[in-house]
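Visitor: Would you be able to build a 3D model of this:
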Amino acid sequence: MPAPLTPHLLIPFAACSASAWLPTMQALPQGGLKRLGQLLHGMKLAHADTQAEESLSPPHERALARALALADPGTPDGLLPWAAYDAARHLPAGVGKAWAWITPCHWAVAKMHATLTDPAMLALREDESRALLALMQPYFATDGITLHYLAELGPGRWLAEGELFRGLPTASLDRVLARNVDAWLPDAAQAAPLRRLQNEMQMLLYTHATNDEREARRQLPVNSFWISGSGNLPSAFSVEENPSITLPHSLAQAVFKEDWAGYAQAWQALDAGEITGLLARQRAGESVRLTLCGECSTQTFESQRASLGSRISSLFSPTRPLDVLKQL
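Guide: Numbering: from 1, shown residues only. Okay, here's the model as predicted:
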């Protein structure tokens with residue numbers, strides 16, 4: 001019988017670079033991160049990962065890919081093969097091929113630049129998504145790309161199959177949301193067909209009936225797409241579900257909306273919920289794992305058996321969660 005998997009709580013945007021982050025954390029009620037501090041008391045730092053804030057793959061995606069054996073320290077930036085992972089799980093014929101995610105989205109166009117609006121705000125319906133895919137597929141096909149609609153992924157994201165995506169670094173949506181898209185567009189020579197397709201789709205979608213109907217309902221139009229999750233799976237990769245990993249998105253959603261009251265509430269809910277649950281398992285003698293992620297770094301902590309001396313020491317010098325989070 002295989003050994004049980006270690007429960008692993010992986011928290012994206014536990015810290016961020018926004019100027020409002022630190023004041024928000026300092027204003028939390030006393031004891032607002034009490035369970036996090038208690039959990040960290042019984043843990044040791046097992047792994048740390050730091051890259052530039054401009055990296056295409058954000059820290060939480062690197063940590064998740066590492067936990068799933070999708071990547072190793074030598075995996076190039078922007079080549080975490082999330083789309084290939086989805087294809088292998090849902091399209092058996094997709095193993096060994098190169099894939100990317102194509103996300104229908106809205107670019108808010110200003111005088112000097114365009115900003116990517118959170119695709120979740122589109123609330124795209126299945127019929128709209130399928131109609132847009134059918135419209136765009138012939139244009140993608142000219143560059144050897146096949147678009148796939150998968151019910152498992154929902155209407156907000158498609159799978160794209162094509163050799164063009166093999167070895168092509170792309171930026172995660174979590175890097176570019178609410179930011180100028182120019183700095184995050186793929187700039188490799190092999191991406192030239194994709195940049196052309198983005199221009200063509202912007203013109204094609206401008207007058208499409210689906211967008212006319214959306215605007216009549218006062219919804220944002222779909223006027224472009226984003227490419228992410230590109231690449232192919234490691235040759236020895238075996239697709240297995242990993243129910244031991246918990247990945248809450250509440251902090252990330254608040255950051256993208258710049259909702260700092262919501263961010264504070266999300267942290268308190270995590271401390272009272274998932275973190276309290278992990279602490280209970282730790283106190284019951286289980287080995288547990290916690291990964292805290294910022295915009296540059298991750299730190300992964302694992303349970304350790306503390307000596308009597310270290311337990312007494314921790315009573316007088318408790319772990320301050322904010323000190324840990326500032327390092328991210």
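Visitor: Verify the contact between Ala123 and Gln219 for me.
Guide: Yes - between Ala123 and Gln219 a contact is recorded at 6.9 Å, counting by C-beta atoms under 8 Å. All C-beta spots, glycine's among them, are computed from the backbone N, C-alpha and C.
Visitor: Please say which of these two ends up with more neighbours.
Guide: The neighbour comparison of Ala123 against Gln219 (other C-beta atoms under 10 Å) goes to Gln219, with 17 against 13.
Visitor: any idea how far that one is from Leu135?
Guide: Distance, Gln219 to Leu135, by C-beta to C-beta, to the nearest Å: 18 Å.
Visitor: What of Ala188?
Guide: Distance from Ala188 to Leu135, by C-beta to C-beta: 27 Å.
Visitor: the more surrounded of the two?
Guide: Using other C-beta under 10 Å as the criterion, Ala188 and Leu135 rank with Leu135 on top: 15 against 12.
Visitor: That one and Leu79: what is the separation?
Guide: Taking C-beta to C-beta, one finds Leu135 at 29 Å from Leu79.
Visitor: try Pro248
Guide: Note on Pro248: its distance to Leu79, by C-beta to C-beta, is 26 Å.
Visitor: What of Glu161?
Guide: Distance, Glu161 to Leu79, by C-beta to C-beta: 16 Å.
Visitor: Repeat that for Glu215.
Guide: 37 Å.
Visitor: okay, these two: which has more neighbours?
Guide: Leu79 (20 against 11).
Visitor: Please tell me I have it right and that one contacts Gly231.
Guide: Yes - counting by C-beta under 8 Å, Leu79 touches Gly231, with 4.3 Å between them.
Visitor: Doesn't Leu159 belong to a strand?
Guide: Yes - Leu159: assigned to a strand according to DSSP: H, G, I helix; E, B strand; the rest coil.
Visitor: is it in a bridge, and if so with what?
Guide: Leu159 has the following beta-bridge partners by DSSP bridges: Trp101, His148.
Visitor: Could you look up the SS state of the closest residue to Leu325 other than its chain neighbours?
Guide: Residue nearest to Leu325 in three dimensions, not counting chain neighbours: Ala15, with 4.6 Å by C-beta to C-beta, 6 or more residues apart in numbering. Reduced to three states with three-state DSSP, the structure at Ala15 is coil.
Visitor: And for Ala15, the neighbour number?
Guide: Neighbourhood size, Ala15 [other C-beta under 10 Å]: 24.
Visitor: Provide a list of residues in contact with it.
Guide: 21, 292-295, 325-326, 328 (C-beta atoms under 8 Å, 6 or more residues apart in numbering).
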